[in-house]
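Enquirer: need the 3D shape of this:
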Amino acid sequence: AGCMSRVLAVLGALALAVAGFAWWANRKVDPPVETIVASSLQSLNEQNRLSVFAARFVTAVTSRKAQFGLSAEKTLIIPAMVRYEIDLAGLSQRDLAWDEGTRTLTVRLPPVEISGPEFDLEQTREYTSGMVLMALTDVEQLLDSENREKAGADIVSQARSETTMKLARDAGVRAVANSFAMPLRAAGIEASVQVEFKR
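Expert: All right, here's what the predicted structure looks like:
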């Protein structure tokens, strides 16, 4: 009888071990939300900077100089590409919040940053007047430098328009939301992802 009791005890322990292993294996297949979110966060951190949008602008600027009773003028027309990026390197757990009641993950992103402009020099057009003054002085170099500075400032000003910035932010929201939502969905976890920008 004692031997039989020991056998039953061993079988019971084995049954518990098998049940425990099955539960552990099931958790590995269906990991908790925190595990998936942490993995997604690490993946985004590794991207460092996420380019979410790009836009092309054209600027036309004019500069004038006068010396010795003469004048010179140059007009520069040039297109440029501007990229909109989000710095994900600093995104951390503090920027994430999980609401178990609503099954919602909230992600707070740093502001969208403008990268560029990248000027398309092959599409540049210039219109010049006052060649005499340019031949006698360094006015042409001064006009070129002033026009480049004006062109850069104008492109950035256009790029920061509320309409374009909204398009960039919306693109960033979609990209980051998908980065968290897709792994959760793949694991069979029903959850919504709310992405917003820090102020």
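
Enquirer: please enumerate the strands of the protein.
Expert: Residue ranges of the strands in the chain, as given by DSSP state E, are 49-67, 70-87, 96-99, 104-109, 113-119, 125-129, 192-197.

Enquirer: which one, of those strands, ends up nearest to Thr35?
Expert: For Thr35, the closest of the strands of the chain is strand 96-99, at 11.8 Å, according to Cβ to Cβ. No exception for glycine: its C-beta is placed from N, CA and C like everyone else's.

Enquirer: pull up the pairing partners for the closest one, direction included.
Expert: Using DSSP bridges, the strands paired with strand 96-99 are strand 104-109 (antiparallel).

Enquirer: thinking Leu76 is in contact with Val61, fair?
Expert: Yes. Contact criterion Cβ atoms under 8 Å: Leu76 and Val61 qualify, at 5.4 Å.

Enquirer: which neighbours do these two share?
Expert: Common neighbours of Leu76 and Val61 are listed as 147, 150-151 (criterion: Cβ atoms under 8 Å, 6 or more residues apart in numbering).

Enquirer: can I get these in a markdown table with neighbour count?
Expert: Below are the shared contacts of Leu76 and Val61 laid out as a markdown table (neighbours: other Cβ atoms under 10 Å):
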| residue | neighbour count |
| --- | --- |
| Asn147 | 21 |
| Lys150 | 16 |
| Ala151 | 21 |
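
Enquirer: hey, least reliable of the strands of the chain by pLDDT?
Expert: Note on the strands of the chain: lowest mean pLDDT is at strand 96-99, with a mean of 90.

Enquirer: Leu133 touches Gln67, doesn't it?
Expert: Yes. If you go by Cβ under 8 Å, Leu133 and Gln67 touch, sitting 6.1 Å apart.

Enquirer: residues in contact with Ala55?
Expert: Applying Cβ under 8 Å, 6+ apart, one finds that Ala55 lies in contact with 81-82, 84, 159, 164, 167-168.

Enquirer: of all those residues, which two lie farthest apart?
Expert: Taking Cβ to Cβ as the measure, these span a maximum distance of 14.7 Å, between Met81 and Leu167.

Enquirer: neighbour-wise, which of Leu133 and Gln67 wins?
Expert: When Leu133 and Gln67 are compared for neighbours, Leu133 comes out ahead with 20 against 12, by other Cβ atoms under 10 Å.

Enquirer: could you check how many residues crowd around Gln141?
Expert: For Gln141, the tally of surrounding residues (other Cβ under 10 Å) stands at 10.

Enquirer: how close does it sit to Ile155?
Expert: 21 Å (Cβ to Cβ, to the nearest Å).
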